[in-house]
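> model this:
(one chain, ligands or ions: 1)
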Amino acid sequence: MSQAKENIVMFPFMAQGHIIPFLALALQLEQTKNYTITFVNTSLNIKKLRSSLPADSSIRLVEIPFNSSDYGLPPHTENTDSIPYHLVPNLFHASLALKPSFKKLIADLVKEQNGHPPLCIITGIFFGWCAEIAHQFGAFHAIFFGGGGFGFACYYSLWLNLPHRDINSDEFTLPDFPEVGAIHVTQLADHLREANGSDPFSVFLQRVLPEWSNADGILLNTVEELDKLGLMYFRREICRPIWPIGPVLLSKRSQDQIGITSELCKNWLNTKPVNSVLYISFGSQNTISASQMMELAMALEASGKNFIWVVRPPIGFDINLEFRAKDWFPEGFEERIKDSKRGLLVHKWAPQLEILSHKSVSAFLSHCGWNSVLESLSYGVPLIGWPMAAEQFYNVKLLEEKIGVCVEVARGKICEVSHEDIVKKIELVMNGTDKGVEMRKKACGAKDMIKDAVKCEKDLKGSSVRAMDEFLNAALA
Ligand code: UDP
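From the prediction side, this is the model:
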């Protein structure tokens, strides 16, 4: 008789940026065929997940009761992507109220398994409180973060060490992470710049982040060899096992999000010389201002480079708006680009992995969200960084100052940026300058490190594979 598989319960915070890496990890664990996976979230998020799960997946989706109106949120809003920014703290505080329901959900699962607890409960970064529940039922508890070590270490330290700066100075260092060096005020996301310890973001984060210490370990979507400083910070501050298991990435995206087919993209790229195309995308949520968009378009024309640009409506425009090139770009831009066959403008969503893996792509102008960073480095593509929010500013710092695979071109969604400056950065990276050549070499080095980290041969396991083994063994012990 075959033995029943161990169950792993996964429970991310209700935000797309948190749910997607959890889904990628769930699919990776499912692939080992050693575990059953129970994926927990609120009803609307579970409904969305149901449509993005592969047809042959046996991941069990379980709803936890939640009524957004109880927390001053508009009806049927259960995800940061569907609530106005100023109401995000309401969702934070609502998430704390899920404790009794989560306890009941685990109790029911244990009953269903004849008293056998799940092997492990993996929760999101704001759900450290789940450790207590996991331990009550005799289950192992781990926190999983879909971002990188260095970037989040800076973010973690900033929230726990408020006020972080002397009001008279534009630069400051992190008291518990001096290895980072100087941070400039322009590298603070809006809510961090405004944080004073008693605002709703500070109150929530200062409560939940220290709860990481209650977990049995922390899983990070990063690679040991690339992210040593960030991992060192967490090992020093949290005194819990830290397992870098990355890259944990979704291999393909659901078709309905695609603004252009992979086939069309590939055909277009096939017509371009090796290492000649600049890929531009600001991820799944961010966009730039109308005036920044004008400058970027002017820079692309002036640079004479081939490019693929994933265009999302500029700030202030409805995201669901049709493609209004005439309003967003310099006069005649779209026609000139089409005639010269130099550029491909893609509406909202492109098959990013297809693009980055193509030999014609030379550089990636990116907001440096962590998934984009891992994807770019997995294919040895150097970056031109334009961070916009959260820990993206420190991702760029890591890439530029510590790894040497990036140059920053601008900061934030409203900063002034000139097309001349953008052209200079594009040329620096793409024109075979010493710096550009060095960056490409280092990006190829990073690609090799990532490849080695996920190597899984009989006698040779990479660091990420070993970290995953260690985590699963610790859970089993
Ligand atoms: N992405 C994509 N096509 C796009 C824009 C984004 O496939 O046009 C994917 C990208 O490959 C990455 C994710 O969306 O996996 C974006 O995640 P990231 O962490 O880079 O940024 P976020 O969207 O969370 O800000």
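> contacting residues around the nearest residue to residue 287 once chain neighbours are set aside?
Computed as Cβ to Cβ, 6 or more residues apart in numbering, the closest residue to residue 287 that is not its neighbour in sequence is residue 312, at 4.3 Å. Using the backbone N, CA and C atoms, a C-beta is placed for each residue, glycine as well. Neighbouring residues of residue 312 by Cβ atoms under 8 Å, 6 or more residues apart in numbering: 282, 286-287, 319, 348.
> need the residues of the stretch 201-350 of the chain near the ligand, please.
253, 281, 283-286, 310, 349-350 (Cβ under 6 Å from any ligand atom).
> tell me which two of these sit farthest apart.
253 and 286 (17.2 Å; Cβ to Cβ).
> and stretch 217-230, how far out from the chain's middle?
14 Å (Cα atoms, centre = their mean, to the nearest Å).
> the host helix or strand of residue 142 and the ligand, are they touching?
Using DSSP states H and E, residue 142 sits in strand 140-145. No - judged by Cβ under 6 Å from any ligand atom, strand 140-145 stays clear of the ligand, getting no closer than 11.9 Å.
> how about the next helix or strand after that strand as CSV, C-alpha atoms only?
Where DSSP H and E defines the elements, the next helix or strand beyond strand 140-145 is helix 149-160. Taking Å, rounded to 0.1, in the frame of the first residue of the first chain, the C-alpha atoms of helix 149-160 are listed here in CSV:
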residue,chain,number,x,y,z
GLY,A,149,17.4,39.2,0.1
PHE,A,150,19.3,42.5,-0.2
GLY,A,151,16.3,44.6,-1.3
PHE,A,152,14.0,43.3,1.4
ALA,A,153,16.7,43.5,4.0
CYS,A,154,16.9,47.2,3.4
TYR,A,155,13.2,47.6,3.5
TYR,A,156,12.9,45.5,6.6
SER,A,157,15.5,47.5,8.4
LEU,A,158,14.0,50.9,7.3
TRP,A,159,10.6,50.0,8.8
LEU,A,160,12.1,48.7,12.0
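> who are the packing partners of helix 149-160?
With contacts taken as 3 or more Cβ pairs under 8 Å, 6 or more residues apart in numbering; DSSP states H and E, helix 149-160 sits against helix 190-193, helix 200-208, helix 228-238, helix 392-397.
> okay if I get these as JSON lines plus mean neighbour count?
Output for the helices and strands packed on helix 149-160, formatted as JSON lines (neighbours: other Cβ atoms under 10 Å):
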{"stretch": "helix 190-193", "mean neighbour count": "16"}
{"stretch": "helix 200-208", "mean neighbour count": "18"}
{"stretch": "helix 228-238", "mean neighbour count": "19"}
{"stretch": "helix 392-397", "mean neighbour count": "26"}
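> what number of residues lie near the closest residue to residue 243 other than its chain neighbours?
Excluding the flanking residues, the one nearest residue 243 by Cβ to Cβ, 6+ apart is residue 467, at 4.1 Å. Number of residues near residue 467 (other Cβ atoms under 10 Å) recorded here: 24.
> now for the residue of the stretch 301-450 of the chain found nearest the ligand: which residues touch it?
The nearest approach of the stretch 301-450 of the chain to the ligand comes at residue 369, 2.3 Å away (Cβ to the nearest ligand atom). Listed by Cβ under 8 Å, 6+ apart, the contact partners of residue 369 are 17, 283-284, 286, 392, 395.
> name the helices or strands packed onto the longest strand along the chain?
Ranked by residue count under DSSP state E, the longest strand found in the chain is strand 35-42. With contacts taken as 3+ Cβ pairs under 8 Å, 6+ apart, strand 35-42 sits against strand 6-11, helix 16-31, helix 43-52, strand 60-64, helix 99-112.
> run through who's touching that strand.
With Cβ under 8 Å, 6+ apart, strand 35-42 has contacts from 5-12, 14, 19, 22-23, 26, 29-30, 46, 49, 58-66, 78, 102, 105, 109, 118-119.
> among those, which ones are buried?
6-12, 14, 19, 22-23, 26, 29-30, 46, 49, 59, 61, 64, 66, 78, 102, 105, 109, 118-119 (16 or more other Cβ atoms under 10 Å).
> nearest to the ligand, of the helices and strands packed on strand 35-42?
From the helices and strands packed on strand 35-42, taking Cβ to the nearest ligand atom, the stretch that ends up closest is helix 16-31, at 4.2 Å.
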